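In: no sequence on hand, only this structure:
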């Protein structure tokens, strides 16, 4: 294992899941460190400075949401939440509190690894100048020129549509909650007007998707928000 490989801190109380994560991550070139409770997890995060944290919300000594909030007071480390909770509200709360992504148990290794790659890629880009041109598939968004094209054809967007798309572009691959997108499009006073967002996302899909009912780029995360797919 390379000493420069990304270090991933797993905070999870179930031994079987910790073992699965350790084997999966080790076999794909990541270094791992583990904690089975909130107190040890926060201590390891401070001492070992991991490149990414995988955090279970159901910990024995403290709620995982408290751990997330504590971490965000002093660290911007990429963080993926694991939850067995089906309630959509807990996912939204975690994302709004600063989580980068979430996975609902049970989950597959391929999905976990894909989310980790996206989170690490975002962290790497955060310290670099923003590339003004984003391309995924046939979609091209020039943030500086405010020009959007699909398969070479320019698409006219309203100012709000462009703000929403630009926000998704800046966080491509990451799920953004309804509240985060409403804040970006209209401001914080509209944080609970989800019907506005549904209307504008439907308009965006009609303009940039070949088949709006089966979107290639703008994916819905039911009850949570939206994700812009970043194709290789």
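Out: Looks like it arrived, so ask away. It should be emphasised that the depicted structure is a prediction, and the values quoted were computed from it without experimental measurement.

In: so where's this protein uncertain?
Out: 1, 85-88, 125-131, 189-192, 232 (pLDDT under 70).

In: just the strands in it please.
Out: 7-11, 31-35, 52-56, 79-83, 101-104, 133-136, 139-142, 147-150, 153-155, 175-177, 218-221, 225-228 (DSSP state E).

In: could you dump the ones you listed into CSV with distance to residue 110 and mean neighbour count added?
Out: The C-beta positions use only the backbone N, C-alpha and C, and glycine is treated the same way. Below are the strands of the chain laid out as CSV (distance: least, CB to CB, whole Å; neighbours: other CB atoms under 10 Å):
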stretch, distance to residue 110, mean neighbour count
strand 7-11, 16, 23
strand 31-35, 18, 19
strand 52-56, 15, 25
strand 79-83, 14, 23
strand 101-104, 11, 19
strand 133-136, 20, 16
strand 139-142, 24, 20
strand 147-150, 29, 18
strand 153-155, 33, 12
strand 175-177, 17, 22
strand 218-221, 17, 16
strand 225-228, 17, 23
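
In: in JSON lines: the ones you listed, plus distance to residue 70.
Out: As requested, these are exported to JSON lines (distance: least, CB to CB, whole Å):
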{"stretch": "strand 7-11", "distance to residue 70": "12"}
{"stretch": "strand 31-35", "distance to residue 70": "13"}
{"stretch": "strand 52-56", "distance to residue 70": "11"}
{"stretch": "strand 79-83", "distance to residue 70": "12"}
{"stretch": "strand 101-104", "distance to residue 70": "18"}
{"stretch": "strand 133-136", "distance to residue 70": "33"}
{"stretch": "strand 139-142", "distance to residue 70": "36"}
{"stretch": "strand 147-150", "distance to residue 70": "40"}
{"stretch": "strand 153-155", "distance to residue 70": "43"}
{"stretch": "strand 175-177", "distance to residue 70": "21"}
{"stretch": "strand 218-221", "distance to residue 70": "25"}
{"stretch": "strand 225-228", "distance to residue 70": "24"}
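
In: mind checking which of these is nearest residue 210?
Out: Among the strands of the chain, strand 147-150 comes nearest to residue 210, with 8.2 Å by CB to CB.

In: ok, the closest one: who's next to it in the sheet?
Out: strand 139-142 (antiparallel), strand 153-155 (antiparallel) (DSSP bridges).

In: hang on, residue 220 packs against residue 228?
Out: No: using CB atoms under 8 Å, residue 220 is not in contact with residue 228, being 11.4 Å away.
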